[in-house]
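Peer 1: Test case, fold it:
(4 chains)
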Number of protein chains: 2
Amino acid sequence: MNLTCETCPVRDSAACSVLSDKERDALAQAGRTRVLKRGEMLFAAGDEDAACATLVSGALKICATDRDGNEQILALAHPSGFIGEMFAPFAHHDVVALTESRLCVFPKRDMQRAIEDYPALARALLRRSQEDLHSTRSLLELTAHGSAEARLAALLHDFARAASDSPCHPAQEFELPLSRGEIANMLGLTIETVSRKLGELEDSGAIRRKGKRGIELVDPAYLRMLSGKEED
Amino acid sequence: MNLTCETCPVRDSAACSVLSDKERDALAQAGRTRVLKRGEMLFAAGDEDAACATLVSGALKICATDRDGNEQILALAHPSGFIGEMFAPFAHHDVVALTESRLCVFPKRDMQRAIEDYPALARALLRRSQEDLHSTRSLLELTAHGSAEARLAALLHDFARAASDSPCHPAQEFELPLSRGEIANMLGLTIETVSRKLGELEDSGAIRRKGKRGIELVDPAYLRMLSGKEED
DNA sequence: CGTATAATTGATATTACTCAATAACAGTGG
DNA sequence: CCACTGTTATTGAGTAATATCAATTATACG
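Peer 2: Residues are numbered from 1 along each chain as shown, chains lettered A, B, ... in the order given. The predicted structure follows:
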């Protein structure tokens, strides 16, 4: 399917939004929309022809797999996010859809050419890359030093923020985008520990669980306190 | 002090190496060399006027400090590495010299202008940023899932590679750029655990300790095996 | 040489993991 | 609609790993 930038929900926020209409149309010639169902893979670690993509809707996980077959989630991608390593000869990580997801996919070659042809695009991607770097470092900080409770509290807080319309105030109620197992492996914990700590957070009155994946933030300040971040 | 690119040891490897002589000289007008002694700070988290810099010689650590005053090392910078967040209004992390270090420092404004004026520079920084992202994700992978032994083994292996001239083969003998405390906080461990595990690695014949910071790799393959990476 | 800092070593406590069983739930086909 | 099956989540008991606390030893520095 060809790209229809006119009606694209992320046309004003994705990297390509910095292009002029004409430039964007030229880039769109090289791209294709692609829809991934939950669990489908965009590309796998080691793929030489791994494409680049902008996420239009849905959510992706970027994950590494060690030689024992254990998966580790390194990052999540949200709409308007950019995926792909233009400069690496092959993909370092797997990219998998968490929910049904719509993407604009570009062959690596074409994206390389595009950043040569459109300096503004290169700058936009640089900005995004630095933001990704920052969020990966935040996750690293959490994972290395926090207790299981702190990691979980911080993750819930992040998800609440991501689920909210306004970027500053967290949503009061939201659905977890990840299963217990995915949460566990993102935070370097086990499923059992995640389950137990969620229970403890509920007992302590910080959250309330609504079904399997629904979370209501009862006491966001307490959650924030547990997560070890600056208070505000 | 003004920049003397002609004799710069990283003139062929740093981001600025993609510029023509003329462009590079123009950029050099805006820059200054700066020498940091061990422990000196380039800038602190929260600084609004945090500069950008290319590391010429020495080594830096990028670290976060939580509200209890605990420091966490998120990344190291080696010669030809680029430091600085051009797009953030203030620095997110502290940057501190691990050893006496020489840098080319550029005001953020000038660097922003440079990436507008020189598209090749923006692309070079994009490439670097993606590499940094990848190494941060590697550290995350390690920290989240590995045992204390695996983390330490992987770190030693990384240092051995960084210390070597040839990028593929690790150096057989090298000096640790970090104190025990710094290693501990980079890996999310305690000083005591690092000390004990180093002892065990020595007992098991993987390494030999030469003084406080010297390390000799006796059995690199075994170390690599412990670190949980693919064997080769 | 004496003092401060960094590293090692030991004993104990805590946390999260492992293994195992049970429970909730979703999807499927009768 | 309900039983059946596989998946995901919860809960419990015991264990292993690492943190913590405390003491000692090495090293560096003035």
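
Peer 1: domains of chain A?
Peer 2: When chain A is parsed with automatic domain parsing, its domains come out as A:5-130, A:146-226.

Peer 1: Chain A against DNA strand C: which residues are in contact?
Peer 2: A:S147, A:A148, A:E149, A:G188, A:L189, A:T190, A:E192, A:T193, A:G211, A:K212 (CB under 7 Å from any atom of the strand). For the C-beta atoms, the positions are set from N, CA and C on the backbone; glycine is no exception.

Peer 1: Considering those residues, which possesses the most neighbours?
Peer 2: A:G188 (24 neighbours; other CB atoms under 10 Å in any protein chain shown).

Peer 1: Read off the pLDDT value for the nearest residue to that residue once chain neighbours are set aside.
Peer 2: Of all residues not flanking A:G188 in the chain, B:A144 sits nearest, at 3.1 Å (CB to CB, 6 or more residues apart in numbering or on different chains). The model reports B:A144 with a pLDDT of 90.

Peer 1: Surely B:A144 is in contact with A:L142?
Peer 2: No. B:A144 lies out of contact with A:L142 (CB atoms under 8 Å); the separation is 9.6 Å.

Peer 1: Show me the shaky parts of chain A.
Peer 2: The model of chain A has pLDDT under 70 over residues A:1-2, A:229-232.

Peer 1: Quick one: the strands in it, in order.
Peer 2: With DSSP state E as the criterion, chain A has strands at A:32-36, A:41-43, A:52-57, A:60-65, A:71-77, A:82-83, A:94-97, A:101-106, A:173-175, A:207-210, A:214-217.

Peer 1: Report whether the shortest one contacts chain B.
Peer 2: No. Residues of strand A:82-83 are not located near chain B by CB under 8 Å from any CB of the partner chain, the shortest gap being 10.7 Å.

Peer 1: what's that strand in contact with?
Peer 2: Strand A:82-83 is contacted from outside by A:14-15, A:42, A:52-55, A:60, A:62, A:77, A:95, A:103, A:125, A:128, using CB atoms under 8 Å, 6 or more residues apart in numbering or on different chains.

Peer 1: Mind listing the strands that strand pairs with, and their directions?
Peer 2: strand A:52-57 (antiparallel) (DSSP bridges).

Peer 1: who does the residue nearest to A:K210 when sequence neighbours are not counted bridge with?
Peer 2: Spatially, and ignoring its direct neighbours in sequence, A:K210 is nearest to A:E216 (5.8 Å; CB to CB, 6+ apart). Following DSSP bridges, A:E216 is listed with bridge partners A:E173, A:R208.

Peer 1: A:E216 touches A:A206, doesn't it?
Peer 2: No. With contact defined as CB under 8 Å, A:E216 does not count as touching A:A206 (10.2 Å).

Peer 1: who's more crowded, the two?
Peer 2: Neighbours per residue (other CB under 10 Å) separate A:E216 from A:A206, with A:A206 holding more: 23 against 14.

Peer 1: Torsion angles phi and psi at that one?
Peer 2: phi -80, psi -40 (degrees, to the nearest 10).

Peer 1: residues touching it, list them.
Peer 2: A:A153, A:L217, A:V218, A:D219, A:Y222, A:L223, A:L226.

Peer 1: any idea how far A:R209 is from A:L176?
Peer 2: 10 Å (CB to CB, to the nearest Å).

Peer 1: Now for the two: what residues contact both?
Peer 2: With CB under 8 Å, 6+ apart, A:R209 and A:L176 have common neighbours A:I215.

Peer 1: If we only consider the residues of chain A next to DNA strand C, which is nearest to A:A114?
Peer 2: The closest of the residues of chain A next to DNA strand C to A:A114 turns out to be A:G188 (CB to CB; 36.6 Å).

Peer 1: which residues sit in contact with A:E200?
Peer 2: A:E149.

Peer 1: Now for B:A144 and A:L142: what residues contact both?
Peer 2: Residues touching both B:A144 and A:L142 (CB under 8 Å, 6+ apart) are A:L187.

Peer 1: Those two - which one has more neighbours?
Peer 2: A:L142 (27 against 23).

Peer 1: Compute the first-to-last residue distance for stretch A:32-41.
Peer 2: One end of stretch A:32-41 sits 16 Å from the other (CA to CA, to the nearest Å).

Peer 1: Buried residues, it. List them.
Peer 2: A:T33, A:R34, A:L36 (16 or more other CB atoms under 10 Å in any protein chain shown).

Peer 1: Measure how buried the closest residue to the last one other than its chain neighbours is and give me the count.
Peer 2: Read that as A:L36. Among residues not flanking A:L36 along the chain, A:A97 sits closest, at 3.9 Å (CB to CB, 6+ apart). Using other CB under 10 Å, A:A97 is surrounded by 22 other residues.

Peer 1: Next: A:E100.
Peer 2: Residues near A:E100, counting by other CB under 10 Å: 14.

Peer 1: Let me see the contact set for it.
Peer 2: Contacts of A:E100 by CB under 8 Å, 6+ apart are A:V35, A:L36, A:K37, A:R38, A:G58.

Peer 1: If we check DNA strand D, which of those are in contact?
Peer 2: Within these, nothing lies near DNA strand D by CB under 7 Å from any atom of the strand.
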